[in-house]
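In: coords please:
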Amino acid sequence: MLNRLFAGFLIVIASLAHSHPGGLDKQGGHTNRTTDQYHCHREPCLTLHRQQQQAEQEARQQQRAFSGLYERSDWPHWLDEDGDCQDTRAEILIATSQVPVTFTRDDRCTVARGRWHDPYSGETFTAAGDLDIDHLVPLRHAHGHGGDGWDERHRRQFANDPGNLLPVSASANRSKGAGSPDQWLPENRDYWCQYGQHWQQIKQRYRLLITPPEQQAIDRLLSTCQVTERHP
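Out: Below you'll find the model as predicted:
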């Protein structure tokens with residue numbers, strides 16, 4: 001029910017945001033030319049705006065309730081699915097290193113060194129110990145946006161999905177926490193376009209809830225792609 005309500009609001013708000021910037025539109029609002037923000041002045045816009053705020057508040061309350069039930073151990077990750085002693089972390093490090101990696105021991109289970117570009121900071125790292133493997137859409141966030149109802153197989157798949165994993169600096173990963181794009185963004189602005197694209201793709205692939213503030217932040221990130229295309 002809540003998902004359908006959000007979807008309806010997103011369509012309405014999207015139509016409002018693209019209204020003519022001069023005077024009031026048929027919804028009773030207009031876009032400020034200076035700030036590019038939409039403002040409501042009369043009905044039905046005022047009611048729609050109040051309903052959106054209520055839906056956002058309910059989403060935040062729902063997220064807090066889900067987060068209280070979140071247990072990281074319920075999301076099995078860093079698994080050795082193929083039995084070669086290299087877990088998900090090691091395999092991601094091997095796959096993303098710009099040079100052949102070296103290992104801590106002869107059994108080749110744990111990666112020691114390589115060369116990795118951290119898209120969050122824009123820095124390059126050569127010691128695997130300086131890196132965390134980040135879930136681009138965090139496990140706690142996924143839990144609070146629909147993943148709480150998944151079975152263990154689905155949680156395991158999400159937690160070890162290479163498409164949702166990035167080697168990044170430990171400090172960037174811990175700064176991000178479980179933040180969504182409306183709460184945290186990479187320091188490296190050159191990655192914002194891809195960050196927005198990847199976040200949206202993962203959310204859609206796993207059918208996770210996207211709240212209105214989150215969608216607005218994603219839209220801002222995607223707008224940087226247009227700038228990049230115009231100025232390669």
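In: my guess is Gly28 contacts Thr47. True?
Out: No - in terms of CB atoms under 8 Å, Gly28 does not count as a neighbour of Thr47; the distance is 9.2 Å. Quick note: C-beta positions are derived from backbone N, CA and C, even for glycine.
In: for these two, indicate the residue with more neighbours.
Out: Just comparing Gly28 and Thr47: by other CB atoms under 10 Å the higher neighbour count belongs to Gly28, 18 against 12.
In: what's that one in contact with, if anything?
Out: Under the criterion of CB atoms under 8 Å, 6 or more residues apart in numbering, the neighbours of Gly28 are Cys40, His41, Arg42, Glu43, Pro44, Cys45, Leu46.
In: filter those residues down to the ones in strands?
Out: Secondary structure assignment (DSSP state E) places Cys40 from these within strands.
In: and the contacts of Gly28, which is the shakiest by pLDDT?
Out: When it comes to pLDDT, Cys45 is the least confident member of the contacts of Gly28, at 69.
In: most neighbours of all the contacts of Gly28, which one?
Out: Neighbours here are counted as other CB under 10 Å. On that basis the top member of the contacts of Gly28 is Cys45, with 22 neighbours.
In: can you list contacts of stretch 168-183?
Out: In this structure, residues lying in contact with stretch 168-183 by CB under 8 Å, 6+ apart are 67, 118-121, 123, 125, 130-134, 138-141, 144, 184, 186-187, 195-196, 199, 211, 213-214, 216-218, 221.
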